[in-house]
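>>> Predicted coordinates and the sequence they were generated for:
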Amino acid sequence: MAVRKPPITTREYWAPGHAACAGCGCATALKLATKAFSEAMEEKYGDPNAFAIAQATGCMEVVSAVFPYTAWKVPWVHVAFENAAAAASGVEAAWKKLGRKGKILAIGGDGGTADIGLQALSGMLERRHNVVYLMYDNEAYMNTGIQRSSSTPYGAWTTTSPPGKYSIGEDKPKKWVALIAAAHQIPYVATASIGNPFDFVRKMKKAAKVDGPAFVQVHCTCPTGWKSPLEKGVEIARLAIETGVWPLFEIENGDFFNIKIQAPGGGAKVKREGGKIVAIEFKKPIEEYLKLQGRFKHLFKRPEAIDEMREQIKAMWKVLGVDVTLPKPEE
Amino acid sequence: MPIRTVMKANEAAAWAAKLAKPKVIAAFPITPSTLVPEKISEFVANGELDAEFIKVESEHSAISACVGASAAGVRTFTATASQGLALMHEVIFIAAGMRLPIVVAVGNRALSAPINIWNDWQDSISERDTGWLQFYAENNQEALDLILIAFKVAEDERVLLPAMVGFDAFILTHTVEPVEIPDQEAVDEFLGEYEPKYAYLDPAKPITQGTLAFPAHYMEARYTVWEANENAKKVIDEVFAEFEKRFGRKYQKVEEYRTDDAEIIFVTMGSLAGTVKEYVDHLREQGVRAGAAKLTVYRPFPTEEVRELAKKAKVIALLEKNVTFSVGGALFQDFSRALVNLDERPKVVDFILGLGGRDVTFKDLDEALEIAQKALNGEEFDEVNWIGLRKEIL
């Protein structure tokens, strides 16, 4: 009987037994990312283990490397919160001198990447180190107890953006680090989501195989910080894609005129011109994404804030060159 | 054959780095150390040094890249000063905690505010509690030699701690002096290849470095840094002896000058030691029984040697280019700690001087001597004295 090849390797680099919360979307992201990396290394260098990780302080760091245990079956180093990219630069330089084949994976959360680590990231990308930087974006400082980061979306509750009489929650639009990374004109930049694991794995493999730096920003759910049901992580992440909240795109060599957009699914009507997506008519309202998360609960008493969110999402898609229509829920 | 030439301390530091053959160098320019990465860039550009030189965007990333490279198992070097060292501070702690033998050349410079590019030791003194080894050079030859020595000590398995070598801003960094450049082969024999014992970021033997430690383990991890510092005392003596045997230049943790029958011993570090030796000669001509001592090694603090020194003097006069608030200078605290439980001990008088590049002249030292003599004669004296202070502009 023919045995079907599994869609992704059964090798594990992020081992069971780590201390992440139940339902952690970021743990899923790291598991998939390292598997994809391993496949890419096997295809590129003939050695599935030819990689090392430099990771920033954050929840995925503290849950995976509690002395004397480790969840990592790959060489791994953590230095501090803001310097995963700089530390990875050093590892990459050392590997080059040691004549070691392979690639370095740098991992940081949104706080460690979009805020405190942005300078080190920019330096690493500009210097063209052969490093893939994976930003796992759970949209707040979850490790320190759910404080807002510059990657926290408009309207979200966090402990430092509480809704109140004078506040709708987070009052600034989300910072899109993938676009900042792409402005460095590096070979490969992508956004991804655990809501579309096949797309994510494809992108991680592509990132791992390019020569030079690559940046992948993966949207992953945090049931603790998002106040969402443990078992609905992938569903929520998928809804972010299907409602237009989370765009999936790729930018190669900083070519903003040829951004590759991935179709969102969820019944959205996609209009293409010359193979490029130029307009998307989403069918599912963003409320379907928002309503599953306690962090947006207060917005349902403030419909004007949800309308503002729709405007911000449209503006963000406009930067990507796509004209989107975002429906309101039926009355 | 060694080459005898003239060069600035910055060039001497770059030459030391070249001779040590680090595989990765990461640096960001800062006055007065800029010439170090510039010179190293030339060496790399000319193929004289086969290293990856990462031109980072900040000192924070410089030391972070060094930690990454060192964690990957290669010899690593950087240079900085003042605000640059301060920006590294967080990672300076981490490098020691992770037991990575990185060597940093520090062009000792004052810290802001007010911004000041000239010499004092506040930058590296502020890093004294990080676990790093600290050496201070009196002249450009020492800057070169101590960097080679620092690599050897840092990489010793009984130590495995990072090390910084300080040399005074402008007084040394930009001043041309005769320097002997040792033979590459002799340095190769002295240092050897850096081959870490354990697998470092090797996919064939994956290990996890830089973990989180709960209260059950953190203290023990810190203790190993303490223990390594203690071990370094013996290792430094061994390496000094080996260096002397191979290169003919003698180093001591505490170097004494005309101390044998001294009543007052002036103790200092760095380039000021040269001035003080001359000053002691000048005093001897006048019949003043003064001596001098230089701390070549500041961390680990040479407690035993300091106790031996204290036996010889009635007054220890500390000349310090740094301030530890409420205490005086850092050396005052260190000497107090070394001597506090001795039954018989000299008086210790502290002098803060030369901050922000102010010249230290014989006139200033006369002022210090006068106060030290009060202590010697059993008169009242101030324990902490700011020398050369322009009271008229306060």
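Arrived safely, thanks for sending.
>>> So which bits of the stretch 151-300 of chain B are right by chain A?
Taking Cβ under 8 Å from any Cβ of the partner chain as the contact definition, the stretch 151-300 of chain B meets chain A at B:199-204, B:206-214, B:217, B:221. For every residue, glycine as well, the C-beta is placed using N, CA and C.
>>> Separate out the buried members of these.
B:Tyr200, B:Leu201, B:Asp202, B:Pro203, B:Pro206, B:Ile207, B:Thr208, B:Gln209, B:Gly210, B:Thr211, B:Leu212, B:Ala213 (16 or more other Cβ atoms under 10 Å in any protein chain shown).
>>> just for chain A, where's the confidence low?
A:331 (pLDDT under 70).
>>> Point me to the residue of it nearest chain B.
Residue of chain A nearest chain B, by Cβ to the nearest Cβ: A:Gly90 (2.8 Å).
>>> what secondary structure does that residue sit in?
At A:Gly90 the chain is in helix, as set by DSSP: H, G, I helix; E, B strand; the rest coil.
>>> Check the gap between A:Gly99 and A:Lys165 for me.
To A:Lys165, A:Gly99 is 63 Å away according to Cβ to Cβ, to the nearest Å.
>>> actually B:Leu394, not the one I wrote
Separation of B:Leu394 from A:Lys165 (Cβ to Cβ): 51 Å.
>>> again, but for B:Phe28
47 Å.
>>> Which one of these two is surrounded by more residues?
Using other Cβ atoms under 10 Å in any protein chain shown, the more surrounded residue of B:Phe28 and A:Lys165 is B:Phe28, with 24 against 4.
>>> I'd guessed that one sits against B:Ile63; true?
No. Applying Cβ atoms under 8 Å, one finds B:Phe28 not in contact with B:Ile63, separated by 9.5 Å.
>>> Now the phi/psi pair for B:Gln373, please.
Main-chain torsions, B:Gln373, degrees, to the nearest 10: phi -70, psi -30.
>>> Just flag the most distant two among the buried ones among the residues of the stretch 151-300 of chain B next to chain A.
Across these, no pair lies farther apart than B:Pro203 and B:Ala213, at 24.9 Å, counting by Cβ to Cβ.
>>> Report how many residues lie close to the residue in the stretch 51-200 of chain B that chain A sits nearest to.
Closest approach between the stretch 51-200 of chain B and chain A, counting by Cβ to the nearest Cβ: B:Gly68, at 2.8 Å. Other residues lying near B:Gly68 total 36 when counted by other Cβ under 10 Å.
>>> so it sits right up against A:Ala87, yeah?
Yes. Counting by Cβ under 8 Å, B:Gly68 does reach A:Ala87; the two are 3.6 Å apart.
>>> what residues do the two have in common as contacts?
Contact with both B:Gly68 and A:Ala87 is made by residues A:Ala54, A:Val77, A:Val79, according to Cβ atoms under 8 Å, 6 or more residues apart in numbering or on different chains.
>>> just the strands in the stretch 51-200 of chain A please.
A:51-55, A:76-78, A:103-109, A:131-137, A:163-164, A:167-168, A:188-193 (DSSP state E, counting those that start in this stretch).
>>> what distance separates the fourth one from the centre of its chain?
By that I understand strand A:131-137. Relative to the centre of its chain, strand A:131-137 is centred 7 Å away, using Cα atoms, centre = their mean, to the nearest Å.
>>> do the same with the last one
In this view, strand A:188-193 has its centroid 7 Å away from the chain centroid, taken as Cα atoms, centre = their mean.
>>> Direction included, what does it pair against?
Paired neighbours of strand A:188-193 in the sheet (DSSP bridges): strand A:214-219 (parallel), strand A:249-252 (antiparallel).
>>> Highest mean neighbour count out of these?
Stretch with highest mean neighbour count among these: strand A:214-219 (a mean of 27; mean count of other Cβ atoms under 10 Å in any protein chain shown).
>>> How far off centre is it?
With Cα atoms, centre = their mean, you get 5 Å for strand A:214-219.
>>> Over to stretch B:208-217?
Counting by Cα atoms, centre = their mean, stretch B:208-217 comes out at 30 Å from the chain centroid.
>>> What mean pLDDT does that stretch get?
The average of the pLDDT scores along stretch B:208-217 is 97.
>>> what's in contact with that stretch?
With contact meaning Cβ under 8 Å, 6+ apart, stretch B:208-217 is reached by A:61-62, A:65-68, A:70, A:72, A:76-79, B:71, B:94, B:98, B:200-201, B:221.
>>> Are the strand or helix carrying A:Lys35 and chain B in contact anywhere?
A:Lys35 is part of helix A:25-45 when elements are defined by DSSP states H and E. No. Using Cβ under 8 Å from any Cβ, helix A:25-45 stays clear of chain B, with a minimum separation of 8.8 Å.
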